[in-house]
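Undergrad: predicted model and sequence follow; I will ask about them next.
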Amino acid sequence: MFLICAFTLYACHTKSQKNSMEKKVQQEVKTEIKTEIKTEVDTIKPKIAIKIEKEFLYDKDTLADIYPYQQTTRQFQWDKIRKRLAWLDSIQEENTHWAILQNYKNLHGEAKIVKNSRKDEYNQISDSQGTERYQSVPLYSPTDTITPLLYGRDGSLVKFTGTDGNFIKIETVYFDGNWEVPEKYVKLLDDTVVFRKAIFVDRENQNLTTLEKVNTKWLVRSMTKATTGLHKPPYERETPLGIFVIQEKKEKMIYNKDGSNETAGFSPYASRFSNGGYIHGIPVNGSLNAPLIENSPSLGTTPRSHMCVRTITSHAKFIYDWGTIGNTVVFVLD
């Protein structure tokens, strides 16, 4: 009886110690990670009012600022868009060297497992914020470059702040934080880069607008419907929130059948901004030589894509031709 009690006491004490240690580790991680999303963007106070005028370069199926949808209305969130444009204007005045996090299809190597990792609904290793390890970049605390704390999404715009051996020092802009990243994961942009083109993807309202800075004004180039990614394991994924940069273009983005290496079809005029997330036209199933499809009744309704952002095919071509690689910013917002 004594042995059983002693063993029980020891087991309880050990479990208590383990729980205490886990709480301590979690607390340490929480204190080191600033998780306030979009802080810098949302708190910016522009020195002058942001001037937005409509001067369309693409004017098919143009939506109004507020438009009917089923039994309610949807809208373009101009207040949020103005804040992000104000932020873009403000960073042009800074002496900042910009960079992009890159690890598309793990081409630069699989990121190490982060502290406080977990398996998500897709059975993938994720960090404490839900960002998956696959195709992501490890973000290390400046005080610990052995085990990363978070994953940075491929395509994310970051500030380059220096070097430390084989590590690049960066500052994230979608959420607060100063990090160190192995240099292979960071693409430095030209120090003269200017961001004058912006794409806004609205997950809440399922629409998309493009704007371009000309002199002192931001001109609206298009306003139309879109369909974003659906959170539905095991294959469909939501379009990630964040601030990204167009990295690559494919006239035909070939995709496979779910869970297979067999080609299912292609999406035309695809502009990649994060991981496997593209802005593209209506998917075409079957032959790669099949004719393009201009529109779909599902556009602008509810999320149903595999992370990508679908839009009218001629609108996707406009973005494909208009948006330049390396300096066209993509804001994904709710």
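TA: Thanks, I have the structure now. Numbering: from 1, shown residues only.
Undergrad: can you give me the pLDDT of Asp191?
TA: On pLDDT, Asp191 comes in at 88.
Undergrad: how much space between it and Lys159?
TA: 12 Å (C-beta to C-beta, to the nearest Å). Where you see a C-beta, it was placed from the backbone N, CA and C, and this is true even at glycine.
Undergrad: what about the nearest residue to Ile199 once chain neighbours are set aside, which helix or strand?
TA: Once flanking residues are discounted, Ile199 sits nearest to Val330: 4.7 Å by C-beta to C-beta, 6 or more residues apart in numbering. Using DSSP states H and E, Val330 falls within strand 328-333.
Undergrad: ditto for Thr73
TA: Counting by DSSP H and E, the element that carries Thr73 is strand 72-75.
Undergrad: with Thr210 instead?
TA: Per DSSP H and E: Thr210 is located in strand 207-214.
Undergrad: show me what that strand is packed up against.
TA: helix 78-92, strand 197-202, strand 217-227, helix 313-322 (3 or more C-beta pairs under 8 Å, 6 or more residues apart in numbering; DSSP states H and E).
Undergrad: ok, residues contacting it?
TA: For strand 207-214, the external contacting residues (C-beta atoms under 8 Å, 6 or more residues apart in numbering) are 52, 58, 63, 74, 76, 81, 85, 88-89, 196-202, 218-226, 279, 300, 309, 311, 315, 318-319, 322-323.
Undergrad: report the buried members of the residues you listed.
TA: Among the contacts of strand 207-214, those classed as buried by 16 or more other C-beta atoms under 10 Å are 58, 63, 74, 76, 81, 85, 88-89, 196-202, 218-226, 279, 300, 309, 311, 315, 318-319, 322-323.
Undergrad: circling back: who's in contact with the residue nearest to Ile199?
TA: The neighbours of Val330, taking C-beta under 8 Å, 6+ apart as the test, are Gly155, Ala198, Ile199, Val201, Ile243, Phe244, Val245, Ile246, Phe273, Ser274, Ile279.
Undergrad: which secondary structure elements does whichever strand or helix holds the fifth one sit against?
TA: I take that to be Ile243. When elements are assigned from DSSP H and E, Ile243 belongs to strand 242-245. Counting contacts by 3+ C-beta pairs under 8 Å, 6+ apart, strand 242-245 is packed against strand 157-164, strand 263-274, strand 328-333.
Undergrad: pull out the buried residues from the longest one.
TA: Put plainly, it is strand 263-274. Neighbour-count burial for strand 263-274 [16+ other C-beta under 10 Å]: Gly265, Phe266, Ser267, Pro268, Tyr269, Ala270, Ser271, Arg272, Phe273, Ser274.
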